[in-house]
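Trainee: model this:
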Amino acid sequence: MPVRPTRRSVVTSLLTLPMLGRAAPAWSSTSEPYPSKTIRIIVPFLAGGAADIVARVVAENLSRMLGQPVICDNRPGAGSNIGTEQAAKSPADGYTLLIQGNPLGSNQFLYKTIGYDPLKSFAPIAMHYRDFNILIVHPTFPANSVKDIIALAKQKPGELTFASSGNGTSTHLAGELFNQMAGTKIVHVPYRGVPPAVTDVMGQQVNMMFAGYGVVSGLIKEGKLKGLAVTGSHRLKQAPDVPTVAETLPGFDATTWTGLFAPAGTPEPIIKQLNAAVNEILQRPEIRHDLEKRGFITEIFTPERVMQEVMRDIRVYGDVIRKTGATLQ
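Mentor: Reported below is the predicted structural model:
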């Protein structure tokens, strides 16, 4: 349900009351004000990654806003399935939340069992950020555009390679989506994480990679890598001169995103309160500026709009995974 136009002003005005930073309480089925105790956000990814960094920024500010501790609990493993399943089986009372993104839509195609239903187990709350990938090559690689890559790949089918941070990751699926839409046969080379993959692109052990812009932007500026195109539907504010892949392959969109979710059945007033609070936080100039410096784009979404992202990933990446036969179990 869309947030009422007055919600932001209500939250803002409440911050000026004596109990500073406390948002208007929601009411549960037991008529207890929400929140009245610690809120736990399960982060099913390793500490220090992009999802974890943004989750902690939001948690810290939510804590001030709601007047209760908000903690991040990292539960990585099985491509984020361990923590996600735990969240799905938690009480639907607003005190256990979840950070998720692309894996919520794609994991059901990569794993035989995942322990949750991506569309039925969770109630979406709000978007956190979107992170553009950028197609990188070594500065001496004989291609300066997506058109050049496609032409070279078709001249040498099966000879070019692209690195990823691992099977089933967004960097892998971006490359497979590229192959599918461009009609190329660039060979996938999986690594255990982003750093070794980027290192081998710089060392010319592998030809190219779709890597997070925030991770490699410094290397591009230093001339150690060449950035050819970003993977979003529009150009990146931080790199306006870099075209999108979609300018050559219309419809191509392979961005990474994360958002906040609650177990299905969480009371609607709690969902609405958290949506308003997160959106308020992400619109603060200092927070938005800090995240943009890291290469992240903040977006103000309704819960329904967040669910559209999940459904898109199910449709797009499900098709890619089925055609490539990629599995992780």
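Trainee: Mind naming the longest helix for this protein?
Mentor: In the chain, taking DSSP state H as the definition, the longest helix is helix 303-324.
Trainee: quick one: buried residues of that one?
Mentor: Neighbour counts using 16 or more other C-beta atoms under 10 Å place Pro303, Val306, Met307, Glu309, Val310, Asp313, Ile314, Val316, Tyr317, Val320, Ile321, Thr324 of helix 303-324 among the buried residues. Every C-beta, even on glycine, is put in place using the N, C-alpha and C of the backbone.
Trainee: Where does pLDDT dip in the stretch 1-150 of the chain?
Mentor: In the predicted model, the stretch 1-150 of the chain carries pLDDT under 70 at residues 1-31.
Trainee: in it, which spans are helices?
Mentor: Along the stretch 1-150 of the chain, the segments classed as helices by DSSP state H, counting those that start in this stretch run 7-14, 50-66, 81-88, 102-110, 146-155.
Trainee: For stretch 162-169, measure first residue to last.
Mentor: End-to-end span of stretch 162-169 (C-alpha to C-alpha, to the nearest Å): 13 Å.
Trainee: for stretch 231-244, same thing?
Mentor: The first-to-last residue distance of stretch 231-244 comes to 6 Å (C-alpha to C-alpha).
Trainee: from the chain's centre, how far out does it sit?
Mentor: 17 Å (C-alpha atoms, centre = their mean, to the nearest Å).
Trainee: Show me what counts as buried in that stretch.
Mentor: Along stretch 231-244, these residues count as buried under the neighbour rule (16+ other C-beta under 10 Å): Thr231, Gly232, Arg235, Leu236, Gln238, Ala239, Val242, Thr244.
Trainee: Then stretch 128-144?
Mentor: Counting neighbours by 16+ other C-beta under 10 Å, the buried set in stretch 128-144 is 128-138, 141, 143.
Trainee: What would it look like as PDB? C-alpha coordinates only.
Mentor: What follows is stretch 128-144, C-alpha atoms only, in PDB (Å, rounded to 0.1, in the frame of the first residue of the first chain):
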ATOM      1  CA  HIS A 128      17.900  -0.100   0.400                       C
ATOM      2  CA  TYR A 129      20.100   0.600  -2.600                       C
ATOM      3  CA  ARG A 130      20.900  -0.300  -6.200                       C
ATOM      4  CA  ASP A 131      24.500  -1.000  -7.200                       C
ATOM      5  CA  PHE A 132      25.400  -0.800 -10.900                       C
ATOM      6  CA  ASN A 133      27.800  -3.400 -12.300                       C
ATOM      7  CA  ILE A 134      30.300  -2.100 -15.000                       C
ATOM      8  CA  LEU A 135      31.800  -4.200 -17.800                       C
ATOM      9  CA  ILE A 136      35.600  -4.000 -17.200                       C
ATOM     10  CA  VAL A 137      38.600  -5.100 -19.400                       C
ATOM     11  CA  HIS A 138      42.300  -4.600 -19.300                       C
ATOM     12  CA  PRO A 139      43.300  -1.200 -20.800                       C
ATOM     13  CA  THR A 140      45.100  -3.000 -23.600                       C
ATOM     14  CA  PHE A 141      42.200  -5.300 -24.500                       C
ATOM     15  CA  PRO A 142      41.200  -4.600 -28.200                       C
ATOM     16  CA  ALA A 143      37.600  -3.500 -27.500                       C
ATOM     17  CA  ASN A 144      36.300  -0.100 -26.500                       C
END
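Trainee: Appreciated, that's everything.
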